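Colleague: Here you go, sequence then predicted model.
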Amino acid sequence: MPSFHATSHLRHPITAFLQELSRNYRRVIVIYDSLIAWVLQDAPSIPNVECYSFRSISAFSIYSWDKSSVTPEFTEYTRVQFEFREVVNSGNLYNSCYEIEGLYLDWLAKEKSSRDKQWAIGPLNPVKLYDKNNSLISHKCMNWLDEQEPNSVIFVSFGTTTTFSDEQIKEIAIGLEKSEQRFIWVLREADKGDIFTGESREVELPEGYEERVGKRGLIVRDWAPQLEILGHESTGGFMSHCGWNSCMESISMGVPILAWPMHSDQPRNAVLVTEVLKIGVELRDWAKRDELVSSVAVAECVKRLMDSAEGDEMRKRVMELSKSVVEGGGSGREMASFIAHITR
């Protein structure tokens with residue numbers, strides 16, 4: 001929330017910047033995060049400025065929003081932002097595509113006014129699989145992946161805003177060990193939205209853990225090239241918090257998801273992945289979100305995704321979905337349509 005509230009200081013600088021641009025250009029296009037519409041409240045007073053909201057969450061989450069996954073403070077913040085969005089908005093951009101969310105994008109389109117156009121321009125990430133001969137990425141995990149069998153590794157990463165208790169980290173560690181599957185685990189303290197919450201801690205693993213798992217598991221304590229890992233042929237699963245960007249990257253790279261939602265849109269994304277698209281396994285039941293996820297549950301779900309006929313079917317489905325995204329080219333047409341619209 002401190003990060004969100006800090007954006008209020010952008011109103012006057014942004015207004016001055018738009019006024020300056022408007023004097024020199026026929027039309028000024030602003031693409032803004034849907035949660036900072038308040039910043040642009042002066043834009044309608046500048047005749048040649050048009051504002052387009054970028055919706056960074058899934059169409060499914062928007063259509064079926066669940067307030068139980070956010071705090072009352074955040075709910076009030078979004079209410080204010082959406083009030084201003086109705087005033088400034090000329091259309092919506094989605095990090096999604098019709099191959100993945102066509103039904104829900106169509107439903108959203110029916111709810112909008114004729115003034116509120118929409119374009120599904122995702123995935124925004126490159127959709128080419130990792131090629132070590134043409135990659136600029138040099139990271140130990142990529143060299144390690146090169147030595148593994150196809151679809152044999154589960155990638156474990158929970159984004160930059162998630163922090164686990166020491167007890168939960170221990171359960172994940174033991175669960176991964178008990179699963180007997182190969183894994184890359186990105187284990188780092190979350191980035192803080194509030195810099196005044198104290199020093200970052202070094203996340204501790206059970207004593208002797210890395211020695212026990214040996215070459216079967218790789219622990220990464222700093223930045224990891226997520227897209228390249230997901231695009232590597234050895235990666236066969238992704239234990240994820242189900243942030244929408246991670247979901248889109250995983251789907252576009254043909255990797256099924258082990259869903260562990262934390263907050264915000266993530267519980268709805270998990271439902272989309274596991275129950276609608278059927279390309280993932282639920283690890284954390286949102287209804288039991290205050291309970292510790294046991295090592296037994298972790299081990300069972302990892303084996304279910306990585307070492308079962310059911311998991312193989314999920315990999316097949318997500319690969320087919322990935323292929324349709326790549327070959328369908330829908331997002332390219334949508335982007336071309338948007339560019340044609342703003343340059344009309």
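Modeller: Sure, I can see it.

Colleague: Phi and psi next, for Leu93.
Modeller: In this entry, Leu93 is assigned phi and psi values of phi -110, psi 140 (degrees, to the nearest 10).

Colleague: Contact partners for Ile63?
Modeller: Actually, residue 63 is Tyr rather than Ile. With contact taken as C-beta atoms under 8 Å, 6 or more residues apart in numbering, Tyr63 is in contact with 104, 107-108. Backbone N, C-alpha and C define where each C-beta goes, glycine included.

Colleague: which of those residues lies closest to Glu20?
Modeller: Distance ranking of these against Glu20, using C-beta to C-beta, places Leu108 first at 34.3 Å.

Colleague: returning to what we had before: from the contacts of Tyr63, which would you call buried?
Modeller: Applying 16 or more other C-beta atoms under 10 Å to the contacts of Tyr63, the neighbour count classes 104, 108 as buried.

Colleague: Turn the contacts of Tyr63 into TSV, including pLDDT.
Modeller: As requested, the contacts of Tyr63 are arranged in TSV below (pLDDT from 0 to 100):
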residue	pLDDT
Tyr104	95
Trp107	92
Leu108	91
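
Colleague: which residues make contact with the host helix or strand of Arg268 from outside it?
Modeller: Remark: Arg268 resides in helix 266-271, with elements defined by DSSP states H and E. Defining contact as C-beta under 8 Å, 6+ apart, one finds that helix 266-271 is touched by 57-58, 60-61, 64-66, 69, 241-244, 247, 259-261, 280, 282, 284, 286.

Colleague: circling back: looking at the contacts of Tyr63, which is nearest Trp38?
Modeller: Of all those, the one sitting nearest Trp38 is Leu108; the distance, using C-beta to C-beta, is 22.3 Å.

Colleague: got a list of what the closest residue in space to that closest one that isn't next to it in sequence touches?
Modeller: By the measure of C-beta to C-beta, 6 or more residues apart in numbering, the closest residue to Leu108 outside its immediate chain neighbours is Ala59, 5.6 Å from it. Neighbour list for Ala59: 94, 96, 101, 104-105, 107-108, 120 [criterion: C-beta under 8 Å, 6+ apart].

Colleague: Equivalent analysis for Gln168, please.
Modeller: If a contact means C-beta under 8 Å, 6+ apart, then Gln168 has 292-293 as its contacts.

Colleague: any idea which helix or strand comes after the helix or strand encompassing it?
Modeller: Of the helices and strands defined by DSSP H and E, Gln168 is found in helix 166-179. Elements were assigned by DSSP H and E; along the chain past helix 166-179, the next helix or strand is strand 182-186.

Colleague: Using neighbour counts, pick out the buried residues of stretch 4-24.
Modeller: Applying a neighbour-count criterion of 16+ other C-beta under 10 Å, the buried positions in stretch 4-24 are 4, 14-15, 18, 21-22.

Colleague: Which one of those is nearest to Val273?
Modeller: Closest approach between the buried residues of stretch 4-24 and Val273, by C-beta to C-beta: Phe4, at 26.3 Å.
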